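Q: what would the 3D arrangement of this be:
(4 chains)
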Number of protein chains: 2
Amino acid sequence: MDKKTRQKEAILRALKSTNSHPTADWIFTEVRKEIPNISLGTVYRNLKLLKEKGDIVELDLCSNLSRFDSYTEDHYHFRCENCHNIFDLDIPVDHDVNKRVTADTGYKVTGHCLEFRGLCKECY
Amino acid sequence: MDKKTRQKEAILRALKSTNSHPTADWIFTEVRKEIPNISLGTVYRNLKLLKEKGDIVELDLCSNLSRFDSYTEDHYHFRCENCHNIFDLDIPVDHDVNKRVTADTGYKVTGHCLEFRGLCKECY
DNA sequence: TTAGGTGCAAAACCTTTGCCATCCC
DNA sequence: GGGATGGCAAAGGTTTTGCACCTAA
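A: Now for the predicted structure:
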């Protein structure tokens, strides 16, 4: 298993050539310049292999994933990795961290998203 | 605009009846008990309307969204809300926060995901 | 009366998978 | 040779959209 192939090497090279956290489709477009008949399925399969091997990571990013809540106050979440439930956390939201990161990085930070993960009380 | 309809009211009621952060499909299943011929499209449309009105929120949760990175060290990200680029942040990762939240909440926290947002240096 | 909402189905996306050919080890 | 991989296309899952009909105000 884990053969070295042109496709896999080109995918890894494309990923290393950027720090823009690309999507599979971006990588596909990029690699196709070199291997015009590579298929998107191959890109997905190799990204999966590279991830399993630890050469790359699939990023945990925050985004609206069509999960809804009628509780509209700003709060943090905890996700159980066993039962996959998401729980509201009753801990204070750190609003000052936005200012601190703005000062530290130069980006104009207006908000943040923080999620904890592990095992819930039932699954522990 | 913003008419009151049976469908919209049932959707909001379903959402208020739970704190499980449901998906559109869960809401669809739930509301269908009351309005058997409601369509999934209507659920999506009303969730969008309710969100715009501020009655509900669509949650910002962390997840693997098929964005990849060859930089495998643990680090935080900043997302520009104007140009939508994602930048690596060169600030220390707070590993202790997992322990603190474990102590405060009773959940067994083993990791967290933190993302900042706002405007990047170019867009500011 | 009429702008906005609904149901239905099709389209649009994105990701995975099955199949068979092909390529390395 | 034979298991791993690739190309292709079809299948899956989720969300959006076009359209004709309906309904609340």
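Q: who are the neighbours of the helix or strand of chain A with the lowest mean pLDDT, in terms of helices and strands?
A: Sorting the helices and strands of chain A by mean pLDDT, DSSP states H and E puts strand A:57-69 at the bottom, at a mean of 89. Where contact means 3 or more CB pairs under 8 Å, 6 or more residues apart in numbering or on different chains; DSSP states H and E, strand A:57-69 is packed against helix A:40-53, helix B:24-32, helix B:40-53, strand B:57-69, strand B:76-80, strand B:108-119. Where C-beta positions appear, they are placed from N, C-alpha and C, glycine not excepted.
Q: is the last one anywhere near chain A?
A: Yes - residues of strand B:108-119 are located near chain A by CB under 8 Å from any CB of the partner chain, namely B:Lys108, B:Val109, B:Thr110, B:Gly111, B:His112, B:Cys113, B:Leu114, B:Glu115, B:Phe116, B:Arg117, B:Gly118, B:Leu119.
Q: how about the fourth one: what's its closest non-neighbour residue?
A: By the measure of CB to CB, 6 or more residues apart in numbering or on different chains, the closest residue to B:Gly111 outside its immediate chain neighbours is A:Arg117, 5.0 Å from it.
Q: so A:Ala14 sits against A:Glu30, correct?
A: Yes - between A:Ala14 and A:Glu30 there is a contact at 4.4 Å, judged by CB atoms under 8 Å.
Q: which residues does the least confident helix or strand of chain A contact?
A: Taking contacts as CB atoms under 8 Å, 6 or more residues apart in numbering or on different chains, the residues outside strand A:57-69 that touch it are A:21, A:47, A:51, A:86, A:113, A:115, B:15, B:19, B:21-24, B:27, B:47, B:51, B:56-69, B:71-72, B:77, B:79, B:86, B:113, B:115, B:117.
Q: restricting to these, which residues neighbour DNA strand D?
A: B:Thr23, B:Ala24 (CB under 7 Å from any atom of the strand).
Q: just the buried members of the contacts of strand A:57-69?
A: Neighbour-count burial (16 or more other CB atoms under 10 Å in any protein chain shown) is assigned, among the contacts of strand A:57-69, to A:21, A:47, A:86, A:113, A:115, B:15, B:21-22, B:24, B:27, B:47, B:56-63, B:67-69, B:77, B:79, B:86, B:113, B:115, B:117.
Q: quick one on the thing from earlier: so who does the residue nearest to B:Gly111 touch?
A: A:Phe78, A:Arg79, A:Cys80, A:Glu81, B:Cys62, B:Val109, B:Thr110, B:Gly111, B:His112, B:Cys113.
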